[in-house]
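*Asks:* I need the structure of the sequence given here:
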Amino acid sequence: MYADTLTRRLFFRIVPIIVIAIGLIGLLSYASAVHETNDTYDAQMSNDASLLWTLVKDEIGEDADRDDEATPHLIDFSQDRLSVKHLLPDPADFRDESPDRMLRVWKNGKLLMYSNTALPMKTPPAREGFTDTDYKGENWRVLSVAVPQDRVFIQVGEKMAMRDDLIADIFLDLFTPLLLLTPLIAGLVWGGIRSGLDTIRELGGRILQRSPDDLSPIDLPGLPDDLRPLVLSVNDLLHKLRESLEAERHFTDHAAHQLRTPLAGIRLQLQLLSQAEDVKERAATIAGLLESTDRAARHVTQLLRAARIAHTEMNIRPVSLYETCASVVAGMGAMVTAKKMNVSLSGAEDAMALADETLLRLLVENLFENALKYTPEGGDIHLTVGADGLDCTFVVEDSGPGIAPEERENAFKRFYRAGAPATEGSGIGLSIVSEIAHRFAGSVRLETPESGHGLRVRVILPGPGRSAGTNEKNQNPLSLHPAAIKAV
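*Replies:* Numbers count the residues shown, from 1 in each chain. Have a look, this model is predicted:
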């Protein structure tokens with residue numbers, strides 16, 4: 001079996017076009033040959049009629065004086081014709097057409113002269129001009145011409161087969177070379193395609209010779225315009241891959257830096273624990289060890305979350321945004337109770353977002369966890385869900401320190417911690433939220449609440465395209481005060 005190459009594909013697309021073109025040329029040539037041959041032979045028949053009248057004019061005058069019972073003069077083309085075959089440069093080219101021609105001459109309605117090939121007709125035809133007739137299974141082209149002043153009627157004719165033979169000869173003489181040249185043309189096309197694809201093979205060789213670390217753009221000088229879009233696309237892919245690898249290296253460096261501190265703390269606490277002699281000192285050391293372990297666990301969790309976003313295959317479907325928020329808040333009830341926070345959830349209970357359920361929950365978890373982390377003890381956190389028919393809105397508003405307007409753009413970058421707050425964090429939470437929202441074709445905005453302090457995070461996600469329900473403004477919002485956490 002032959003390999004399926006680009007050369008073969010192009011060849012088997014071009015060659016049929018050439019064959020079709022040759023066929024069309026043949027049809028047009030045949031039509032042109034028919035038209036020109038008929039015009040030429042018709043003109044020749046007109047000249048033959050004029051010449052015949054000139055040659056037999058005097059003889060017709062003498063024959064017309066004979067009585068009506070006189071026998072018409074018979075012209076036998078097989079005996080009376082003048083042989084000129086020996087005078088031609090190539091006697092093989094001689095075409096004897098006399099058996100295919102005929103003539104008749106009438107005067108005063110009396111047949112005076114006819115050829116041995118003439119049709120059996122004693123009286124002149126009723127009309128002048130060209131006519132086509134069938135005689136003994138053969139088609140004849142006949143020209144009838146009247147000479148009114150001499151009361152003479154002349155008729156010449158020839159077999160259509162004579163024309164058909166000439167047309168066939170012309171057609172074969174023209175079309176046969178084209179058929180013979182077709183293999184040569186196909187070979188030239190094949191060679192031309194292979195030669196034209198040398199540039200692609202050279203380009204592929206240059207790419208194969210590159211090392212895995214070489215992500216520099218491919219040179220474009222001398223490249224055909226047809227290949228420029230391909231090379232530009234490859235260069236764009238290399239650029240994105242280079243940026244992705246740089247981002248991964250950046251992420252790895254920051255992750256290592258973030259984990260170094262809690263791991264160093266754990267090591268230090270273990271050393272202190274091994275040296276501690278007092279029970280209280282050991283208890284304090286163990287408490288510090290647990291805190292460092294929790295901090296490392298939080299960093300690892302956030303790093304795994306960040307890595308999970310890029311490698312999760314999404315299953316986009318309508319997901320209840322309100323129920324997702326309620327489930328996340330209930331799952332973090334212990335943290336809410338520990339910090340004595342006032343948490344409320346309100347809005348459209350029937351709001352549906354087009355999202356992946358797992359990633360949507362991760363988005364809500366990060367926003368709510370950030371609000372819990374940065375809001376002081378006894379503070380307020382309000383979660384609001386809305387829908388306007390096309391989009392769903394999820395808003396988290398807290399009474400924490402907030403983020404200054406000039407730092408909000410950088411807040412979505414990984415490991416960036418606005419204002420370097422004292423609260424422990426990795427600086428990944430908002431970047432995770434932003435990446436998930438963009439994967440859902442949504443957006444995230446940081447705003448300042450009406451109270452003037454704290455932070456409001458507004459997430460807009462695409463909805464299923466239906467109108468929001470009547471619970472857009474819930475008159476009985478879900479209250480999640482510490483005492484009510486266990487009931488959720």
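
*Asks:* The closest residue to N116 other than its chain neighbours and P99, how far apart?
*Replies:* In space, and not counting its chain neighbours, N116 is closest to D76: 4.8 Å by CB to CB, 6 or more residues apart in numbering. From N, CA and C alone the C-beta is placed, and that goes for glycine too. Look at D76 and P99: by CB to CB, to the nearest Å, they are 11 Å apart.

*Asks:* neighbour-wise, which of these two wins?
*Replies:* P99 (14 against 11; other CB atoms under 10 Å).

*Asks:* right, and the more buried one touches T117 too?
*Replies:* Yes. The pair P99 and T117 passes the contact test of CB atoms under 8 Å, sitting 6.1 Å apart.

*Asks:* for this structure, what spans make up the helices?
*Replies:* Using DSSP state H, the helices assigned to the chain run over residues 6-63, 77-80, 160-196, 198-208, 228-275, 279-311, 321-331, 333-338, 357-374, 429-439.

*Asks:* and G400, how many neighbours?
*Replies:* Close neighbours of G400, defined as other CB under 10 Å, add up to 21.

*Asks:* Among the helices of the chain, which comes closest to R104?
*Replies:* Closest to R104 of the helices of the chain is helix 6-63 (CB to CB; 10.0 Å).

*Asks:* in its sheet, what does the longest strand along the chain sit against?
*Replies:* Secondary structure of the chain per DSSP state E: the longest strand is strand 138-147. With DSSP bridges as the test, strand 138-147 is paired with strand 129-135 (antiparallel), strand 152-159 (antiparallel).

*Asks:* residues of the shortest one that come out buried?
*Replies:* To tie it back to what came earlier, the one meant is strand 129-135. Across strand 129-135, burial judged by 16 or more other CB atoms under 10 Å covers Y135.

*Asks:* got the angle for that strand vs helix 160-196?
*Replies:* 100 degrees (axes from the mean of the first three to the mean of the last three CA atoms, to 10 degrees).

*Asks:* And the contacts of strand 129-135?
*Replies:* Outside strand 129-135, the residues that touch it by CB atoms under 8 Å, 6 or more residues apart in numbering are D42, M45, L119, P125, N139, W140, R141, V142, L143, S144, M160.

*Asks:* Could you measure from R439 over to N47?
*Replies:* 88 Å.

*Asks:* More neighbours: which of these two?
*Replies:* Comparing R439 with N47 by other CB under 10 Å, the one with more neighbours is R439, at 17 against 11.

*Asks:* Tabulate the contacts of strand 129-135 (TSV), appending neighbour count and pLDDT.
*Replies:* Listed next are these as TSV, based on neighbours: other CB atoms under 10 Å; pLDDT from 0 to 100:
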residue	neighbour count	pLDDT
D42	15	92
M45	19	91
L119	15	81
P125	16	80
N139	13	91
W140	20	90
R141	19	91
V142	21	92
L143	19	92
S144	20	92
M160	17	91
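
*Asks:* from memory N315 sits against L354, does it?
*Replies:* No. With contact defined as CB under 8 Å, N315 does not count as touching L354 (11.0 Å).

*Asks:* and the angle for the longest strand of the chain with helix 6-63?
*Replies:* Using the same axes, to 10 degrees, strand 138-147 lies at 50 degrees relative to helix 6-63.

*Asks:* got the contact list for strand 138-147?
*Replies:* Around strand 138-147, the neighbours that count as contacts under CB under 8 Å, 6+ apart are 41-42, 45-46, 49, 53, 102, 119, 124-125, 127-134, 152-161, 163.

*Asks:* Show the contacting residues for K122.
*Replies:* By CB under 8 Å, 6+ apart, the contact set of K122 is L111.

*Asks:* so R163 touches E36, yeah?
*Replies:* No. R163 lies out of contact with E36 (CB under 8 Å); the separation is 10.7 Å.

*Asks:* more crowded one of those two?
*Replies:* R163 (20 against 12).

*Asks:* Now for the more buried one: which residues touch it?
*Replies:* Taking CB under 8 Å, 6+ apart, one finds T37, N38, Y41, R141 in contact with R163.

*Asks:* ok, now with 6 Å
*Replies:* Residues in contact with R163 (CB atoms under 6 Å, 6 or more residues apart in numbering) are T37, Y41.

*Asks:* Would you mind measuring from it to K136?
*Replies:* For R163, the distance to K136 - CB to CB - is 18 Å.

*Asks:* just N315 next, same as before
*Replies:* Taken as CB to CB, the span from N315 to K136 is 85 Å.

*Asks:* and these two? which has more neighbours close in?
*Replies:* Neighbour count, other CB under 10 Å: between N315 and K136, N315 has more, with 11 against 6.

*Asks:* Pretty sure the more buried one sits against E357.
*Replies:* No. Taking CB atoms under 6 Å as the definition, N315 is not a contact partner of E357, at 7.4 Å.

*Asks:* returning to that earlier point: extract the C-alpha trace of the longest strand of the chain and format it as PDB.
*Replies:* Taking Å, rounded to 0.1, in the frame of the first residue of the first chain, the C-alpha atoms of strand 138-147 are listed here in PDB:
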ATOM      1  CA  GLU A 138     -26.700   7.200 -46.100                       C
ATOM      2  CA  ASN A 139     -27.000  10.900 -45.400                       C
ATOM      3  CA  TRP A 140     -26.600  13.300 -48.300                       C
ATOM      4  CA  ARG A 141     -26.100  17.100 -48.200                       C
ATOM      5  CA  VAL A 142     -27.700  18.500 -51.400                       C
ATOM      6  CA  LEU A 143     -27.600  22.000 -52.800                       C
ATOM      7  CA  SER A 144     -30.200  23.100 -55.400                       C
ATOM      8  CA  VAL A 145     -29.600  26.300 -57.400                       C
ATOM      9  CA  ALA A 146     -32.000  27.800 -60.100                       C
ATOM     10  CA  VAL A 147     -30.800  29.900 -63.000                       C
END
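
*Asks:* Show me the shaky parts of the stretch 51-200 of the chain.
*Replies:* Under the criterion pLDDT under 70, the flagged ranges of the stretch 51-200 of the chain are 59-70, 77-97.

*Asks:* and with 80 instead?
*Replies:* 56-99, 121-124, 126, 175, 178, 199 (pLDDT under 80).

*Asks:* Find the nearest non-adjacent residue to L354, please.
*Replies:* That would be P462: by CB to CB, 6+ apart, it lies 4.8 Å from L354.

*Asks:* Who does that neighbour form a beta bridge with?
*Replies:* Per DSSP bridges, the residues bridged to P462 are D391.

*Asks:* So it versus L143, what's the distance?
*Replies:* P462 is 84 Å from L143, by CB to CB.

*Asks:* domains for this structure, by residue range?
*Replies:* 6-81+93-181, 214-311, 316-487 (automatic domain parsing).

*Asks:* This completes my enquiry, with thanks.
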